[in-house]
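Student: This is the structure alone, sequence omitted:
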């Protein structure tokens, strides 16, 4: 299956954010749930092996977009590798908050998760990703995740990681006993790194902060990421 969905905002004459475009194709179905809030609703199983899905976000200058999902995304095995590509452009003075529910890698699945984020120099972004290593009691599928962010045309963050190699995943230097991994990218800049159990808050060389966390379950992972986000944004 090949499917694409898109959200675009526009600035009204009186300075309000308008959801200017909302295009969906199952399993990527979008619903506007607030003045500038959109939720992703899964209307078909997947992604399945072989699927190619693309979500495109265009946040116009001086507008705001909040995007979430109503449920976790379950990646299932099928014919080959599945792919989810998310592209986003955030204009000058615009704000994007991207926080879908976790991606769950079912046993036997093979998946690629790609993010390409382009920011104006004064854009504000909070981008959270959470990956769960399989359903309860099962081994995870395989996933290669890559995150590429540019700010004002210059590279800001290049990050990738893999899940699903039993030898590497259980290493204390990789995931150890953790069953979930998550990151939050923020355009907020901090002066000093912060570390707590299972979570690190690290300043980037350019404007921005990266929160990285591991946990034994999705609830604890979310708690650790939120702690990191508060740490990065609290004066």
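Tutor: Yep, it's here. Here the structure is a predicted model, which is why all the values come from computation and not from measurement. Numbering: from 1, shown residues only.

Student: ok, residue 58 - contacts?
Tutor: 6, 7, 8, 9, 21, 88, 89 (C-beta atoms under 8 Å, 6 or more residues apart in numbering). From N, CA and C alone the C-beta is placed, and that goes for glycine too.

Student: Residue 63 is in contact with the second one, correct?
Tutor: Right, residue 7. No: between residue 7 and residue 63 there is no contact under C-beta atoms under 8 Å: 11.1 Å.

Student: partner residues bridging residue 56?
Tutor: Note on residue 56: beta-bridge partners residue 6, residue 87, judged by DSSP bridges.

Student: so what's it up against?
Tutor: 4, 5, 6, 7, 86, 87, 88.

Student: quick one: contacts of the worst-scoring helix or strand of the chain on mean pLDDT?
Tutor: Using mean pLDDT, DSSP states H and E, helix 166-169 stands out as the lowest-scoring helix or strand of the chain, at a mean of 86. Outside helix 166-169, the residues within contact range by C-beta under 8 Å, 6+ apart are 133, 139, 140, 162, 163, 174, 175.

Student: mind listing which of those are in strands?
Tutor: 162, 163 (DSSP state E).

Student: Only the buried subset of the contacts of helix 166-169, as a PyMOL command please.
Tutor: Selection of buried members from those for PyMOL, criterion 16 or more other C-beta atoms under 10 Å:
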select buried, resi 133+140+163+174+175
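
Student: hey, what's the residue most central in space within the chain bridged with?
Tutor: Closest residue to the average C-alpha location of the chain: residue 129 at 3.5 Å, with C-alpha atoms, centre = their mean. Beta-bridge partners recorded for residue 129 (DSSP bridges): residue 183.

Student: List the buried residues in stretch 200-207.
Tutor: Buried-residue list, stretch 200-207, by 16+ other C-beta under 10 Å: 201, 202, 203, 204, 206, 207.
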